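Asks: Only the shape, not the letters, is given here:
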């Protein structure tokens, strides 16, 4: 028949050096989370040759904006102006990040680096959907790579402190914006 079904991967974390692996696995393209409707639409349209792709524009922000642009307003653009969804996302973020940070601290105190790695993996998604991934992602990836033991307990302590500072700032930023946004 000669029919092929294109595969578009969706991942919380992707690096350019993984492109070779995707090709070997038969994956045609990828989108990283959090993704925008425009990205998915355009990726799908790439593989529908009988239809003319109608490009959809989208917000081009992948990390927390600087220069005074409220983060929640940027996220609102991604969700087509759905303010109630943005409020729900922000409230979920605040609840989830506090739990994950508390669990990360507990695991560090207990020396449970394997569980720290699992929590760091979850935190990557939590932080990404609020579009703050650029600032902290490399630290979370390093913690995720601990497995059963980091290269040193001092490294783990420094990584944890960096995550704590980031989370504190993120919680303050989202809380302040949410009060105004509502």
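Replies: Good, I have the coordinates. Worth saying up front: this structure is predicted, and the values here are computed from it rather than measured.
Asks: is it true that residue 75 touches residue 93?
Replies: No. At 10.1 Å, residue 75 does not count as touching residue 93 under the criterion of CB atoms under 8 Å. Where you see a C-beta, it was placed from the backbone N, CA and C, and this is true even at glycine.
Asks: of the two, who's got more company?
Replies: residue 75 (23 against 19; other CB atoms under 10 Å).
Asks: which residues do residue 75 and residue 93 both contact?
Replies: When CB atoms under 8 Å, 6 or more residues apart in numbering defines a contact, the residues bordering residue 75 and residue 93 alike are residue 130.
Asks: The closest residue to residue 91 other than its chain neighbours: helix or strand, and which one exactly?
Replies: Spatial nearest neighbour of residue 91, excluding adjacent residues (CB to CB, 6 or more residues apart in numbering): residue 178 at 7.2 Å. Assigned by DSSP states H and E, residue 178 belongs to helix 153-181.
Asks: give me the number of residues near the residue nearest to residue 91?
Replies: 17.
Asks: isn't it right next to residue 86, touching?
Replies: No. Look at residue 178 against residue 86 with CB under 8 Å: they stay out of range, at 9.1 Å.
Asks: intersection of neighbour lists for those two?
Replies: residue 72.
Asks: Tell me how far the residue lying closest to residue 80 once chain neighbours are set aside lies from residue 142.
Replies: Using CB to CB, 6+ apart and skipping residues adjacent in sequence, the residue nearest residue 80 is residue 37, 7.4 Å away. According to CB to CB, to the nearest Å, residue 37 and residue 142 sit 32 Å apart.
Asks: same question, residue 31
Replies: 24 Å.
Asks: again, but for residue 127
Replies: In terms of CB to CB, residue 127 sits 14 Å off from residue 142.
Asks: Between these two, which is the more surrounded one?
Replies: Of the pair residue 127 and residue 142, residue 127 is the one with more neighbours under other CB under 10 Å, namely 26 against 17.
Asks: For that one, which residues are in contact?
Replies: Here residue 127 is in contact with 97, 133, 136-137, 140, 170 (criterion: CB under 8 Å, 6+ apart).
Asks: Show me those residues that map onto helices.
Replies: 97, 133, 136-137, 140, 170 (DSSP state H).
Asks: hang on, the earlier thing: check the contacts of residue 127 and tell me the two furthest apart.
Replies: Pairwise distances among the contacts of residue 127 were taken by CB to CB; the largest, 14.2 Å, belongs to 97 and 137.
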